[in-house]
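Chemist: How does the following fold in three dimensions:
(chains A and B)
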Amino acid sequence: MLSGFMVNAWIVGAIAAVVAGAVGFFVVLRGSAFVADALPTGAFAGAAGASLIGVNTLAGLGVFSLLGALGIGWLGRRSRHDVATALTLVMMLGLGSLFLSFSTEYAQEVYSLMFGEVLGISVNEILPVALLGAVSLAALTVIYRPLLLTSVMPELGEARGVRAARVETLFLVVLALATSMALPVVGALLIFSLMIGPPAAARSFTDKPALAIGLSVAFAVGTVWAAIAASYRTNWPVGFFVGALSAVWYAVGRAAAAWRRSRRQARAAREQAGYARQAATVRM
Amino acid sequence: MNSILQSVFEPGFFASAPVRVALLAGGMAGLVSSVVGIFAVMRGQSYAGHALADISVTGGAASYLVGITPLWGFAGVGVAAAAAMDLIGVQRRRGRDLATGVVRGAALGLAALFLYWGTTSTSTTGATVTVLFGSIFTISTSTAAVAALLGALALGIVAGLYRPLLLSSASPELAFARGIPVRATGALCLVAIALAVSLSALTIGAILSTALLVGPAAAALRLTSKPGVAILWSVVIGLAATWLGVLLAYDSYYWPPAHQGWPVSFFVVAVVLFFYLLAQFARPAGTRRDKAAAGQAEAGG
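Modeler: Residues are numbered from 1 along each chain as shown, chains lettered A, B, ... in the order given. Okay, here's the model as predicted:
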């Protein structure tokens, strides 16, 4: 399980998980699950187009996910956000189906782009992924404060002179970067599941943003490694395990949130009882 | 005149049986999607629609595995997923997209598993592409009949619930105050969306059915603010998009580069987007709001 090509899988999976966990925290915070879904799914059209004209897949993915991010940002200012995302997504997918119909030999790769083939990664593929991952993490660090502010308190951000629309576009670009880096190695489904499940769980354990990001990254890496190990044992696709584990994380998060809420209510009730007792003693 | 007609409708267009079935099934999918889509867009459930489409891939893959018509898989799993999404709380606006996404992720994981089993046991590598992108020209007549039945069911739900659905989409609070069972209405609406999406999944493919669900409805809601008129517009656009798509795909058989026809789904999406942009420019976003504001000012003054 720790020999040769498996080591590559562990490393690349971990890189993708770190980036997805960090970016995913903001996806969950901003409630932009649809965008996180649309960019990876739509970007695969770029891969199909790139293979058609014979350039590097990564370049095609990058161009398409960037165009998608800008398209969503541009249309989103003119119409409802979910409608804008849906239309941008289908535009990219429509082009993808066209490209696919031109080149018959690419059809098999659709499966791996959608669902991931993490077990077949060569050493040369690690470096570009690591580089792009580092770039998207750096970009995320740069826009960290304004992004956090506009996500949690848009009005305060507006008052401080942070332009919400610009921050939104920058965030979409970071999302696009993270997507195109991870897509060819782990697949659209996997990256999306990692951006949703682990961060959702992390958020319900703590209110501190930095700690939540750390937890989210840890959960995501754990998820990917567990999925790779399970996939190695059973030979089933990695995407299945990541999707299922992601749903488990979400359930854990919901349960944790419910538990914290009930504890807070109990404490509030206790405090109220205490005040009432104090008030009673004061009156006497 | 005849030669113009000939160059638009390539010879044999209306005589070919697959084309007739494609026109019928596609028309049904376009009709149902554009009617149901109005409610999906009004309720801000574009994402739910898209996720249900993706999830129906799971059903499609499963039906490949057991060897039944994909339509049953699409519809069955779609309706089940609609119920699951309602259970874990898509009716609350906060965190709704998250719940939708989690169901989608888990279901697509299952789809990956089914496709994997399917491709290793029967070596049908084309299954992934067929399930994802549909195959309008290979629909059998018996499938078309089932499609018509399911479509009628979706339209029946919408027609039967028309008023309460409209009210609870526009203003859930008001609907609640009037004693409308908002949650049950929402759940039934999700079921209608799932049915509509599974129909278009059959024709233009699961991941592009969002185009037929959201595109015509969004364009129509730009053109008018009256729901009844919007539904009419949406139906016109949806039908035009599907039929033009089928026609262009048939014509494209003689186009470069491969001489094997461009995919129907690409043309349908292109026509839908064209109509959406047209509607966008026909009535810029500002005018309606300005008019409404002016109307309010008048009423107030």
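Chemist: Can you list the residue ranges for helices in chain A?
Modeler: A:4-30, A:33-53, A:57-76, A:81-102, A:107-115, A:126-142, A:144-152, A:154-159, A:164-186, A:188-205, A:209-234, A:238-283 (DSSP state H).
Chemist: let me fix that: chain B
Modeler: B:2-8, B:17-42, B:46-66, B:70-87, B:96-122, B:126-133, B:141-160, B:162-170, B:172-177, B:182-204, B:209-223, B:227-251, B:264-282, B:285-300.
Chemist: For residue A:47, find the nearest of the ones you listed.
Modeler: helix B:126-133 (14.1 Å; C-beta to C-beta). C-beta here means a position set from N, CA and C on the backbone, and glycine is covered the same way.
Chemist: what about the closest one, average pLDDT?
Modeler: Helix B:126-133 shows a mean pLDDT of 61.
Chemist: repeat for stretch B:201-208
Modeler: Stretch B:201-208 comes out at a mean pLDDT of 75.
Chemist: ok now it, how far from the chain's centre?
Modeler: Chain-centre distance of stretch B:201-208: 8 Å, with C-alpha atoms, centre = their mean, to the nearest Å.
Chemist: Need the winner for burial among the helices of chain A.
Modeler: Highest mean neighbour count among these (mean count of other C-beta atoms under 10 Å in any protein chain shown): helix A:188-205, with a mean of 29.
Chemist: Which positions in the stretch 1-150 of chain A make contact with chain B?
Modeler: Proximity of the stretch 1-150 of chain A to chain B (C-beta under 8 Å from any C-beta of the partner chain) is limited to residues A:28, A:31-34, A:36-38, A:41, A:78-80, A:82-83, A:85-87, A:89-91, A:93-95, A:97-98, A:100-102, A:107-108, A:110-111, A:114-116.
Chemist: on that earlier part again, among the helices of chain B, which is the most enclosed?
Modeler: By mean count of other C-beta under 10 Å, the helices of chain B have helix B:209-223 as the most buried, with a mean of 30.
Chemist: what helices or strands is that helix leaning on?
Modeler: Under the contact definition 3 or more C-beta pairs under 8 Å, 6 or more residues apart in numbering or on different chains; DSSP states H and E, helix B:209-223 sits against helix A:81-102, helix B:17-42, helix B:46-66, helix B:182-204, helix B:227-251, helix B:264-282.
Chemist: Any regions of chain B where pLDDT drops low?
Modeler: B:1-15, B:89-94, B:119-139, B:207, B:253-261, B:283-301 (pLDDT under 70).
Chemist: gap between the spatially closest residue to residue B:176 that is not a sequence neighbour and chain A?
Modeler: Nearest non-adjacent residue to residue B:176, counting by C-beta to C-beta, 6 or more residues apart in numbering or on different chains: residue B:182, 5.3 Å away. Going from residue B:182 to chain A by C-beta to the nearest C-beta, to the nearest Å gives 20 Å.
Chemist: Out of the helices of chain B, the one nearest residue A:66 is which?
Modeler: Closest to residue A:66 of the helices of chain B, according to C-beta to C-beta: helix B:264-282, at 19.3 Å.
Chemist: hang on, isn't residue B:110 packed against residue B:58?
Modeler: Yes - at 5.0 Å, residue B:110 and residue B:58 qualify as touching, with contact defined as C-beta atoms under 8 Å.
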